[in-house]
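Asker: test case, fold it:
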Amino acid sequence: MPTTVTSIDPVTRLEGHLKIEVTIASDSGSQKVVDAKATGTMFRGLENILVGRPPDDAPDITQRICGVCPVSHGMAAVTALDKAAGLQAPDNARIMRNLVLGANYIQSHILHFYHLAVQDFIDGPNMPPWQPSWSTDKRVDKATTDVLVGHYVTALDMRRMAHEMGALFGGRLPHPPAFVPGGFTNSVRPDRISSFQSYLGVLIPFIQNTYIPDVEALASYYPDYYNVGGGTGNLMAFGVFDLDASGANKLLRSGRVQNASTAQQTMDPNQITEQVAYSWYANSTNNLKPSSGQTTPQFPKTNAYSWLKAPRYQNAPYEVGPLARMWVNGDYSRGISVLDRHLARAQETLKVALALQTWVAQLDPSAPVYKQYSTPEEGSAFGLTEAPRGALGHWVRINNHKIANYQVVTPTCWNASPMDNAGVHGPLEQAVIGTTVLNAAEPVEVLRVIHSYDPCLACAVHVMRPKEGVRVFALGAVPGA
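Answerer: You can find the predicted model right below:
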């Protein structure tokens, strides 16, 4: 059986640097992916940067992990620090955290479909960013293509509005400074409430009347993609958007399912470990819980092929993201595939936007937004939340009022992880394996699977150092800039 090994490096239209290597085998006239390796090509050292710093630096520094989903890192950090200090933020702070995070969800989901994923399915104008592109298996007619291209432009405005909406309370987006342990630094003002509601008055109709119908229209041209990219069948969510001070009631709840079942199981953070058998990290850090995890690089390393670790729950790989959240919450259970990920994401966007309408009306301008925070001398805690791309956790240990250890487990570390200690592929790798490829020279089918996860390698890996002897050039001023 003849085989072809194809490497896509880098995979574009995602955050950060991802390489995918697929082995394609030809049999009886068809070609299928029989093996896949997803490689995070840059080292993540951010946790090491945090060690020795004051704990309340963590929200600001971790937000710099990514410019697309910084709010989630701020949320995870302040959640961990609140718990370590025994604090409960006031209701106004809880609500404003939800509002800014929800605004970030809306802009990220709109960005994903229109500006990162739809190009895999349609032929756009003969100009960047639509070109260069592969022409294999483009089925959408010209009229529908023209509509989608037009909505690509409209979506730019919608993203801007979502950013501006979140900045009303966050102070700015990306990287809102208002997330602090103890609460929020911005005030509740009637004019901000009114402006937030006005933005929703534009965004909600766009989601209802444009975004969701566009995803459904695309699905009508590619119905076979309901059977492509299934992956592990295991789905997990940490839960997000607290509905009250207890933290137990959430808009999207915590939980997990196995083998595409609808039977719900609980999620216990103590069952999470990070495996590094195929990652460029020291073997001494293998299979540790994040609470005691270490970021100790080892490169080169036999058999390793990624800077991503392999998070596992009870030694099993789990897919995280909008589909997992909506499935665990009982809002979506059609299937697990490329199209299901897109449809669940669009439906989640509407669910979050409608919730924002309720929450912003609950703000009380006369109530406090902050409770005094004092750094504990000793302590440890974790903050679990959901980034737009899936389950996110921050684990912190404090010693002598300083950060002694910090570990971040991001959604893309779950989804794009390499093989684990048992040689079991990560969720994205499993989803790619088995995909039929029409043209091995243009494996657009592989890209469709990858982009359905909306990988964020900026979250998963951060720092790169040139090889010894490589020359680095600093560009001068751009003429006319």
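Asker: got the contact list for stretch 158-174?
Answerer: 63, 67-68, 70-71, 96, 99-100, 102-104, 106-107, 110-111, 176-179, 184-186, 192, 195-196, 199-200, 202-203, 206 (C-beta atoms under 8 Å, 6 or more residues apart in numbering). Heads up, the C-betas are built off the backbone N, CA and C, glycines and all.
Asker: what about Ile65, how many residues nearby?
Answerer: Counted with other C-beta atoms under 10 Å, the neighbours of Ile65 add up to 23.
Asker: over to Ile61?
Answerer: 16.
Asker: dump the residue contacts of the closest residue to it other than its chain neighbours.
Answerer: What sits nearest to Ile61 in space, not counting adjacent residues and going by C-beta to C-beta, 6 or more residues apart in numbering, is Leu50, at 6.1 Å. Leu50 is in contact with 57-58, 61-62, 403, 406, counting by C-beta under 8 Å, 6+ apart.
Asker: go with 10 Å
Answerer: Residues in contact with Leu50 (C-beta atoms under 10 Å, 6 or more residues apart in numbering) are 57-58, 61-62, 77, 394, 396, 402-408.
Asker: show me the residues you listed that map onto helices.
Answerer: Using DSSP state H, the members of these that fall within helices are 58, 61-62, 77.
Asker: among those, which pair sits farthest apart?
Answerer: Ile61 and Ala77 (8.4 Å; C-beta to C-beta).
Asker: quickly list what's touching both of these two.
Answerer: Joint contacts of Ile61 and Ala77 (C-beta under 10 Å, 6+ apart) are 50, 406.
Asker: leaving out the residues flanking it, which one is nearest to Thr144?
Answerer: Thr144 sits nearest to Ala217 (C-beta to C-beta, 6+ apart), 6.1 Å away.
Asker: now stretch 285-299: buried residues?
Answerer: 285-288, 290-291, 293-295, 297 (16 or more other C-beta atoms under 10 Å).
Asker: ChimeraX command for the buried members of the contacts of stretch 158-174?
Answerer: Only the buried entries of the contacts of stretch 158-174 go into this ChimeraX selection, using 16+ other C-beta under 10 Å:
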select :63,68,70,71,96,99,100,102,103,104,106,107,110,111,176,178,179,184,185,186,192,195,196,199,200,203,206
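Asker: so which of the contacts of stretch 158-174 belong to helices?
Answerer: Using DSSP H, those in helices are 63, 70-71, 96, 99-100, 102-104, 106-107, 110-111, 192, 195-196, 199-200, 202-203, 206.
Asker: can you get me a residue count around Trp130?
Answerer: For Trp130, using other C-beta under 10 Å, the count is 14.
Asker: for the closest residue to it other than its chain neighbours, give me its contacts.
Answerer: Nearest-residue entry for Trp130: Gly124, 3.2 Å, with adjacent residues in sequence omitted and distances by C-beta to C-beta, 6+ apart. Gly124 makes contact with 118, 130-131, 133, 145-146, 148-149, 152 under the criterion C-beta under 10 Å, 6+ apart.
Asker: let's see that with 8 Å instead.
Answerer: Counted by C-beta under 8 Å, 6+ apart, Gly124 has contacts 130-131, 133, 145, 149, 152.
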